[in-house]
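Undergrad: Compute the structure for the input listed below.
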Amino acid sequence: MLLYYENSSKNEEPKQTNRRLFIVEDLHPRLMEILGVLLDIPPEFFLAHCEEFPNLSVSNPSGTALGSSSYWKVPVPRRYDLPRSCCQPPPDGQYYAKLGNFNRGETPLGKGIQWVGLTSIVSYWGKPYGKDSWTFNTTKDPFSSTIFVRNIVRSIWGEFVYRQTTDVHDVQINDEQNQYKKRGSKSSRDYHDAPSYEKYHGLMVKRQKIREKKRDLQNIMWNFQCKIRPEGRKDGSESATPEEKENEVMAQREHQAWAFLEERLEAAETTLGNHLEMFAQRSALVQAEAANRMARSSGQLTKIATVIVPCSFVASIFSMGGKFEAGESLFFVY
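TA: Predicted coordinates:
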């Protein structure tokens, strides 16, 4: 890549468009430093990429904040299948996960774990290269390049959202099938079994993860400046250049695509919330039935005790040393 950059033309002709897009992954820090010097990228960009939480605020020399086509940093959910080529699985415990040269936190591993879910980071730095004219530099925006990279990020998020919504749908279908089987069971005890605590806790964890991912998705929409639906030019569309019109169309499509993913995560969270509420109602119903059965059993025991105690008292009076001399056949208690 460095040889290609060294051999490529650095001087842009007046009527020639020179566009470059570098997708960098798992490079040595020394090479990243050289690339930053050649492309005039500040070292803070690479330092912020090393950690999940830091973010940069980029502004021009006059102090005005630049748009999303200059810098953004977003999380991307990734799923990694564990290799099974080794003879024995790793011992149970917490392991540090590293993506390239970066540490991405701890993850549990064990015999029953076949894959791990980690959060990868995608950072973008765009800079226009052209004539030394402030008008040209402020109007010429590498918008098409950031749209290309953002579409890649959105496709990864689209696959993740599809997996989550499918998983929620499977949970709902499996619960309905289990309830249908219990309705067909002859034993009423099987039908009125209380929902398991482990299953309820698993649904709570799943719902919390969906909430966290929805928050990450909303942060991405703010970083991409597509949280609010973009509007057309109010100063007359006839004054817009063809490139500006094309950029407006791409911005509107991007907003619609991200809004659709947000709606699907919102629907999945709502479905899990309704399912958890149904679990709570089902558990309360089972507890009420159990209390009712216990009350009926206590009432029957009270009736038996009411009959037994008087008979025992009378039998003790008329018995002589444990021998029923009078009315032996009437006192069945002894």
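Undergrad: count of neighbours near Arg79?
TA: The criterion is other Cβ atoms under 10 Å. On that basis, Arg79 has 11 neighbouring residues. Just so you know, the C-beta spots here come from the backbone N, C-alpha and C atoms, and that holds for glycine as well.
Undergrad: Is it in a helix, a strand, or coil?
TA: Recorded secondary structure, Arg79: strand (DSSP: H, G, I helix; E, B strand; the rest coil).
Undergrad: Where does pLDDT dip in the stretch 51-200 of the chain?
TA: By pLDDT under 70, the weakly predicted segments of the stretch 51-200 of the chain are 62-65, 67-68, 84-89, 99-102, 128-145, 182-197.
Undergrad: got the residue ranges for the helices in it?
TA: Ranges of helices in the stretch 51-200 of the chain, per DSSP state H, counting those that start in this stretch, are 134-139, 143-183, 188-191, 197-223.
Undergrad: Let me have those in JSON lines, adding distance to Gln114 and mean neighbour count as columns.
TA: Output for these, formatted as JSON lines (distance: least, Cβ to Cβ, whole Å; neighbours: other Cβ atoms under 10 Å):
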{"stretch": "helix 134-139", "distance to Gln114": "51", "mean neighbour count": "12"}
{"stretch": "helix 143-183", "distance to Gln114": "15", "mean neighbour count": "15"}
{"stretch": "helix 188-191", "distance to Gln114": "32", "mean neighbour count": "11"}
{"stretch": "helix 197-223", "distance to Gln114": "17", "mean neighbour count": "15"}
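Undergrad: want to try a markdown table for those, with distance to Ala288 as columns?
TA: Written out in a markdown table, the entries for the helices of the stretch 51-200 of the chain read as follows (distance: least, Cβ to Cβ, whole Å):
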| stretch | distance to Ala288 |
| --- | --- |
| helix 134-139 | 69 |
| helix 143-183 | 17 |
| helix 188-191 | 14 |
| helix 197-223 | 18 |
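Undergrad: Kindly state which of those helices is positioned closest to Leu285.
TA: Comparison of those against Leu285 by Cβ to Cβ identifies helix 188-191 as nearest, at 11.1 Å.
Undergrad: how close does Gly112 get to Pro90?
TA: Gly112 sits 12 Å away from Pro90, going by Cβ to Cβ, to the nearest Å.
Undergrad: Neighbour count for the two, which is higher?
TA: Here Gly112 and Pro90 are set side by side on neighbour count (other Cβ under 10 Å), and the busier one is Pro90, at 12 against 7.
Undergrad: The nearest residue to that one once chain neighbours are set aside: neighbouring residues, count only.
TA: Nearest-residue entry for Pro90: Leu109, 5.0 Å, with adjacent residues in sequence omitted and distances by Cβ to Cβ, 6 or more residues apart in numbering. Using other Cβ under 10 Å, the number of residues around Leu109 comes to 17.
Undergrad: again, but for Ala48
TA: Other residues close to Ala48 by other Cβ under 10 Å number 18.
Undergrad: Which helix or which strand is home to it?
TA: In this structure, Ala48 is located in helix 43-50 according to DSSP states H and E.
Undergrad: buried stuff in that helix?
TA: Along helix 43-50, the positions that meet the burial threshold by neighbour count (16 or more other Cβ atoms under 10 Å) are Phe45, Phe46, Ala48, His49.
Undergrad: nearest to Asn60, of these?
TA: The shortest gap between Asn60 and any of the buried residues of helix 43-50 belongs to Phe45, at 15.8 Å (Cβ to Cβ).
Undergrad: I am assuming the closest one contacts Trp125, so please confirm or correct that.
TA: Yes. Under the criterion of Cβ atoms under 8 Å, Phe45 lies in contact with Trp125, with a separation of 5.3 Å.
Undergrad: Overlap in contacts, those two.
TA: Taking Cβ atoms under 8 Å, 6 or more residues apart in numbering as the contact rule, Phe45 and Trp125 both touch Tyr71.
Undergrad: one step back: now do the residue nearest to Pro90 against Pro83, distance only.
TA: Taking Cβ to Cβ as the measure, Leu109 and Pro83 are separated by 12 Å.
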